[in-house]
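S.K.: 3D, please:
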Amino acid sequence: MASREFIIYYRGKVVGGIYDDRLLVKPVKSAIRYMPTATYELPYDGAKEMLLVDELDNKEFLVELFNAMYEELPTPKVKKKK
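M.R.: Modelled structure (predicted):
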């Protein structure tokens, strides 16, 4: 079966994604502090490691995590029209 990948945006910035039924987020400093025991995993071959989020059923945890990460995440680049 082919794997499915979904990018997750929070307030217009990429926080991570769902890769093979795993929620992975970018390993920014605030995410590492918020989840100090999180494991690093590869979303796909050739990608950079990301943090595995285990608390999928905890809505408050996820909101707090994404809020903590927001300021550290890069602003998406505006694509120029050709």
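S.K.: need the longest helix for the protein.
M.R.: helix 59-70 (DSSP state H).
S.K.: chain center to that helix: distance?
M.R.: Remark: helix 59-70 is offset 11 Å from the chain centroid, using CA atoms, centre = their mean, to the nearest Å.
S.K.: show me what that helix is packed against.
M.R.: Contacting helix 59-70 under the criterion 3 or more CB pairs under 8 Å, 6 or more residues apart in numbering; DSSP states H and E are the following elements: strand 5-10, strand 13-19, helix 29-34. For glycine as for every other residue, the C-beta is placed from the backbone atoms N, C-alpha and C.
S.K.: quick one, which of these is packed in tightest?
M.R.: Neighbour counts (mean count of other CB atoms under 10 Å) averaged over each of the helices and strands packed on helix 59-70 peak at strand 13-19, with a mean of 19.
S.K.: if we ignore the residues flanking it in sequence, what's nearest Gly12?
M.R.: Pro76 (6.6 Å; CB to CB, 6 or more residues apart in numbering).
S.K.: wait, a helix at that neighbour?
M.R.: No - under DSSP: H, G, I helix; E, B strand; the rest coil, Pro76 sits outside any helix and is assigned coil.
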